[in-house]
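Visitor: please work out how this folds:
(chains A and B)
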Protein chains: 2
Amino acid sequence: MRDDEIQVTYRLETAGEVEALATKIASDQSTGTFTALPGETEEVRARCAARVVSVTHLEPLAVPSIPQPGEAGPFNRADVVISYPLEAVGTDFAALQTITIGGVFAVRGLSGVRVMDMALPSAFATHPGPQFGIEGSRRLTGVEEGPIIASIIKPSLGLLPEETAAAVRVLCDAGVDFIKDDEKLMSPGYSSLDKRISAVMPVILDHEQRTGKKVMYAFGISSADPERLMRNHDMVVEAGGNAAVININSIGYGGMSFLRKRSALCLHAHRNGWDALTRHPGLGMEFRPYQKIWRLLGVDQFQINGIRAKYWEPDESFVRSFHDCMTPIFSNADRPLPVVCSGQWGGQAVDTFERTGRTLDLMYLGGGGIHGHPMGAAAGVRAMRQAWEAASRELSLQEMAKDHPELKASLETFGQD
Amino acid sequence: MRDDEIQVTYRLETAGEVEALATKIASDQSTGTFTALPGETEEVRARCAARVVSVTHLEPLAVPSIPQPGEAGPFNRADVVISYPLEAVGTDFAALQTITIGGVFAVRGLSGVRVMDMALPSAFATHPGPQFGIEGSRRLTGVEEGPIIASIIKPSLGLLPEETAAAVRVLCDAGVDFIKDDEKLMSPGYSSLDKRISAVMPVILDHEQRTGKKVMYAFGISSADPERLMRNHDMVVEAGGNAAVININSIGYGGMSFLRKRSALCLHAHRNGWDALTRHPGLGMEFRPYQKIWRLLGVDQFQINGIRAKYWEPDESFVRSFHDCMTPIFSNADRPLPVVCSGQWGGQAVDTFERTGRTLDLMYLGGGGIHGHPMGAAAGVRAMRQAWEAASRELSLQEMAKDHPELKASLETFGQD
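Guide: You can find the predicted model right below:
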């Protein structure tokens, strides 16, 4: 690819010819209107015309992704690469989103379109990227090797600040490296962020005083208002905190850009709402292009579900997401820490290790698997560490459990899967 | 509805029982985890539990909205109303989005979910809403009655600033009330915003000097960075401009909140990317709840396509959108000016008038219908005004065209539909 263009791969689906649809998209996203116009000269077209680079045909579908009443099919499919001149788009993500993503979904005559990937030229390396990423997350948590073991406050909503603080104390004593608010917890009436910070941070700092270990606590600071977001950020910093959960889709590119420029916190991204964009396999967007944009905007840690998650996402999709996060865009420094989560209790450690490239550069986040461990939370954390030790030593969980009673208890309690 | 709750209507689809799915969503979006936990007391549940208010069954589907390999169906459907306590959500749109919209799409066991509507309690009236809206748009354009006749620069991309300025002069002389940049035009290399403003605004101001009429020009100021967005805004204000095109999905809630607090411009919203959320009828989100959020955030003018648009959207969907915009959330002042656009040239005026409640409170935006008129742009504008006069006088376009040669020429040139 030339360094003065942006290449976007779309999976297109249509009852017509994919080639014609691809040409129409390239035209619509540059100079197109519905009738021939005097000003649309060759010169204008050359300046900003998008062009179809390749069309790779796939098996047609009998049933269209979007219902097409009265249309019989088959619905032809192809992966189509379209190139946009950098000169015509620029490096602002609002322009990239509008021209290369948003507009495509409005085009007539398609029964499906999914953005599969996006290749960005080096001009995009001017975006800040992660401030902490993998290395910074290790430095701040003091976890030099192995997965960063994490947990979440449960129940996820409804606790008063002092109840949250009590749960934090249990988790600190249990030996976790990281704790987070549920992504749905920001600053509700019963647990305003200022009161929650005031209740939680003394527990974190007291634990640090006593043990030398500073547990990273990510507070839910999201707000649709960037200035409130910053006030929330500042409260965490002033109280001695070092991390925040941000709901990236709910604050938007604007909120994220504003925060990243000023942030002193490790930004733990929850992609809440992403499922609406990606769950139908013929529509929306793959995680691959999506995460590139958010990484360049500054995500430090990226929640990506896990093997046998409690949500809809299939394991293969999680595995792809993990590899996406681990693949540099421009350099290793733009890689976020992958956060493996959702229904995790240790039982998925060996499979995760085997399927994600045998790396221990990850955060492994357990909720119920820690809080609900029959021998208590500390045993839940130990069981998770034992599971990862098994993975890295190439032992099965069952072998490891023989002389590790905490893991044994986890297998017995949660090991249906 | 009580004033201390938020009610959201979802269209749910599942191979299982809709009631069970609804209950699961209400639980997941409040306290849920995958195993029973000691802290999840009755007290906690009462504080923030969502509850299912009603389930209205619909015809089941044979084919699921999201493919479910190996599952036979039928796929049961119902419109389900879930109530969330205001205490647990608050009025921040990031929280509303995360809890009541985003998370729902991740739930296992559904084959479709669409957010149909959202009823907000009066606490949300504290959001700013439109600064100009219908009344302000009329005041700024000086159009006291009838539709505000608008156009867009064509070709939409590729013109140099001085070429844009030349097109603006043609449109001013043609008699339009409003001109806009294409939503895909922000600040590319060949037409940076500062140079475009410097080229265009003298034309607008000169026209005002000569005729007394200040044509509203909406510059594309979108940026993923709220501070750049504000610098763009300020450049327009300093040059004497009074409007801007904003790609709301590309700047996000964060960009919009930041802008609205400081804006001196009439904000013309393009919902580019919305199609990805709404095009599949069983997935995503209706325009109705979507536009409520953006209106409260401050949209003044809302692009909603039109009858026989050049995009995929069916006419019925446009008509619903128009009514949505015209329906007060808390008061008439929170209504944006509906912008009827896409393939419009006057031929849809009578149908639009009849189907949208016989109002003339709208912007009617023609691109090719003006630029491509065989008698020139001024005739294109006159033809559009004649078409609306026909509508309000209850004449057919053909009757009106008898003694109006411009409309007659439009009908002959564009009147295939």
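Visitor: and the residue of chain A closest to chain B?
Guide: residue A:252 (1.1 Å; CB to the nearest CB). The way it works is simple: take the backbone N, C-alpha and C, and place the C-beta from them, glycine included.
Visitor: can you tell me the helix or strand for that residue?
Guide: helix A:248-262 (DSSP states H and E).
Visitor: residue A:388 and residue A:148 touch, don't they?
Guide: No. Distance between residue A:388 and residue A:148: 10.5 Å, which falls outside the contact criterion (CB atoms under 8 Å).
Visitor: for the residue of chain A closest to chain B, give me its contacts.
Guide: B:251-256 (CB atoms under 8 Å, 6 or more residues apart in numbering or on different chains).
Visitor: and the residues you listed, which two are the farthest apart?
Guide: Between any two of those, the greatest separation by CB to CB is 8.5 Å, found for B:251 and B:253.
Visitor: where do the contact lists of these two overlap?
Guide: Counting by CB under 8 Å, 6+ apart, the residues touching both residue B:251 and residue B:253 are A:252, A:254.
Visitor: ranges for the strands of the stretch 201-350 of chain A?
Guide: A:216-220, A:243-247, A:266-270, A:283-285, A:301-303, A:337-340 (DSSP state E, counting those that start in this stretch).
Visitor: mind putting these into CSV with mean neighbour count and mean pLDDT?
Guide: Below are the strands of the stretch 201-350 of chain A laid out as CSV (neighbours: other CB atoms under 10 Å in any protein chain shown; pLDDT from 0 to 100):
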stretch, mean neighbour count, mean pLDDT
strand A:216-220, 27, 98
strand A:243-247, 27, 98
strand A:266-270, 27, 98
strand A:283-285, 24, 98
strand A:301-303, 28, 98
strand A:337-340, 27, 98
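Visitor: redo those strands as a markdown table? Include distance to chain B.
Guide: Output for the strands of the stretch 201-350 of chain A, formatted as a markdown table (distance: least, CB to the nearest CB, whole Å):
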| stretch | distance to chain B |
| --- | --- |
| strand A:216-220 | 9 |
| strand A:243-247 | 5 |
| strand A:266-270 | 8 |
| strand A:283-285 | 6 |
| strand A:301-303 | 11 |
| strand A:337-340 | 15 |
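Visitor: residues of the stretch 301-417 of chain A that sit close to chain B?
Guide: Contact residues, the stretch 301-417 of chain A versus chain B (CB under 8 Å from any CB of the partner chain): A:310-313, A:343, A:367-369, A:371-372, A:414.
Visitor: ok, for residue A:23, nearest residue in space, not its chain neighbours?
Guide: Distance criterion CB to CB, 6 or more residues apart in numbering or on different chains; nearest residue to residue A:23, sequence neighbours excluded, is residue A:52 at 6.0 Å.
Visitor: ok, residue A:330 next?
Guide: Closest to residue A:330 by CB to CB, 6+ apart is residue A:125, at 4.3 Å.
Visitor: can I get the strands of the stretch 201-350 of chain A in TSV including distance to residue A:181?
Guide: Below are these laid out as TSV (distance: least, CB to CB, whole Å):
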stretch	distance to residue A:181
strand A:216-220	4
strand A:243-247	6
strand A:266-270	10
strand A:283-285	27
strand A:301-303	13
strand A:337-340	14
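Visitor: so who does the closest residue to residue A:193 other than its chain neighbours touch?
Guide: Counting by CB to CB, 6+ apart, residue A:187 is the residue found nearest to residue A:193 once chain neighbours are left out, at 4.0 Å. Residues near residue A:187 by CB under 8 Å, 6+ apart: A:193-194, A:220, A:223, A:232, B:90, B:92, B:95.
Visitor: can you check residue A:90 too?
Guide: Residue A:90 neighbours (CB under 8 Å, 6+ apart): A:96, B:186-189.
Visitor: nearest to residue A:152, of those?
Guide: residue A:96 (32.8 Å).
Visitor: residue A:86 is in contact with that closest one, correct?
Guide: No. The pair residue A:96 / residue A:86 is not scored as a contact, 10.2 Å apart, by CB under 8 Å.
Visitor: who touches both of the two?
Guide: residue A:6.
Visitor: more neighbours, those two?
Guide: Using other CB atoms under 10 Å in any protein chain shown, the more surrounded residue of residue A:96 and residue A:86 is residue A:96, with 24 against 20.
Visitor: please tell me how far the more buried one sits from residue A:291.
Guide: 14 Å (CB to CB, to the nearest Å).
Visitor: contact partners for residue A:411?
Guide: Residues in contact with residue A:411 (CB under 8 Å, 6+ apart) are A:347, A:397-398, A:401.
Visitor: residue contacts, the nearest residue to residue A:279 once chain neighbours are set aside?
Guide: Leaving aside its chain neighbours, residue A:279 sits nearest to residue B:66 (5.9 Å; criterion: CB to CB, 6+ apart). Contacts of residue B:66 were listed using CB under 8 Å, 6+ apart, and they are A:279-280, B:110-112, B:282-283.
Visitor: and of the residues you listed, the nearest to residue A:116?
Guide: Of the contacts of residue B:66, the one sitting nearest to residue A:116 (CB to CB) turns out to be residue A:280, at 13.8 Å.
Visitor: so the closest one sits right up against residue A:65, yeah?
Guide: Yes. Counting by CB under 8 Å, residue A:280 touches residue A:65, with 6.3 Å between them.
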